[in-house]
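Chemist: One predicted model, sequence on top.
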Amino acid sequence: MKPTRVCLLDGGSLAIDGYKVYWNRGPSGDIRFPVYSVLIDHEEGLFVYDTGYDLQHMQTYVSGDQPLQTLDQTLPGQFQKLGLVPEDVTHVIDSHLHIDHCGGNKHFPNALFMVHEKEYAQAVNPELFERMSYSDLVYDPELHGMNLERGSVKPVASGSAPVAVAPKYQFLSGDVEVAKGVKLLETLGHSAGHYSLLVELAGRRPMLFTGDAAMTPRNLEMMIIGGFHLDPAKGVRALERLKSLAAEYDAELFYSHSMPEFETWRKAPEWYE
Ligand SMILES: [Zn+2]
């Protein structure tokens, strides 16, 4: 059995106000943060957790988040560094379906998409305040032409990114071990059906990817949820859960959107194993 290995794929960065990262705490002012995907090369398949954002979509509909993404930071660019092609990916797991976590789904024509069942239901019928976050309708090509109605910001250009194929889904609920040592752990609150990810490796401590349940270490240290959330009470419970999971597995935490940590992590073409 071949050993599991993990690679972090740099997907560029965005900038949002401090109050959106730290609810009611701030301070205000732009915080630029990384967006990345996690590639898991496993005996049972080639998995991707989160697919970042689509630059064209962000520039067109959500330019206020100031996207910066070079060609090298697109998923095809990152796969090229590894000598792989996105067509090889067998499974894509979306922690949730916000614009900065599923925007690259279109690059994986052969993958089975794994999403929390409550997340998908919410994404196709979001609360008014969530519409912009769910505005990249790549997860449902039938809705894709409705971008204009779903976004609250006037587009600065016309057209939307193409969706090649209708995605094939497996809807999940509860904690799920999707492959040996690759566990999806429910951390709800930021969105309706949010998953954090734990990966066990032979040569190092387990890696616990928080997703947006904890965007930065400060969220966890001070028990401050993000400013953007569907259910703040569940969000705080998710922070508690992340703390106890990290202790239970002796796992290293990998936050979704923290530049100082991201800069120190190993990224493509290097692997953790
Ligand atoms: Zn995010």
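Modeler: Sure, I can see it. Numbering: from 1, shown residues only.

Chemist: Run through the helices of the stretch 101-250 of the chain in chain order.
Modeler: Assigned by DSSP state H, counting those that start in this stretch, the stretch 101-250 of the chain shows helices spanning 117-124, 147-150, 217-221, 232-249.

Chemist: buried set for the first one?
Modeler: This means helix 117-124. Lys118, Glu119, Tyr120, Gln122, Ala123 (16 or more other C-beta atoms under 10 Å). Heads up, the C-betas are built off the backbone N, CA and C, glycines and all.

Chemist: Which secondary structure elements does that helix sit against?
Modeler: Helices and strands touching helix 117-124, as assessed by 3 or more C-beta pairs under 8 Å, 6 or more residues apart in numbering; DSSP states H and E, comprise strand 168-172.

Chemist: quick one on the thing from earlier: nearest to Ile16 among the helices of the stretch 101-250 of the chain would be which one?
Modeler: Proximity to Ile16 (C-beta to C-beta) singles out helix 217-221 among the helices of the stretch 101-250 of the chain, at 13.6 Å.

Chemist: Report the distance from that closest one to the chain centre.
Modeler: 18 Å (C-alpha atoms, centre = their mean, to the nearest Å).

Chemist: Kindly report the same for stretch 263-273.
Modeler: 17 Å.

Chemist: start to end distance for that stretch?
Modeler: For stretch 263-273, the separation between the terminal residues is 19 Å (C-alpha to C-alpha, to the nearest Å).

Chemist: Mind listing residues that contact that stretch?
Modeler: Applying C-beta atoms under 8 Å, 6 or more residues apart in numbering, the contact partners of stretch 263-273 are 3-10, 36, 39, 41, 78, 81-83, 201-204, 207, 254.

Chemist: Restricted to strands, list those.
Modeler: By the criterion of DSSP state E, membership of the contacts of stretch 263-273 in strands covers Arg5, Val6, Cys7, Leu8, Leu9, Asp10, Tyr36, Leu39, Asp41, Met207, Phe254.

Chemist: Closest to the ion out of those residues?
Modeler: The shortest approach to the ion among those belongs to Tyr36, at 10.3 Å (C-beta to the ion).

Chemist: Adding distance to the ion, write the helices of the stretch 101-250 of the chain out as a markdown table.
Modeler: Output for the helices of the stretch 101-250 of the chain, formatted as a markdown table (distance: least, C-beta to the ion, whole Å):
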| stretch | distance to the ion |
| --- | --- |
| helix 117-124 | 13 |
| helix 147-150 | 18 |
| helix 217-221 | 12 |
| helix 232-249 | 13 |
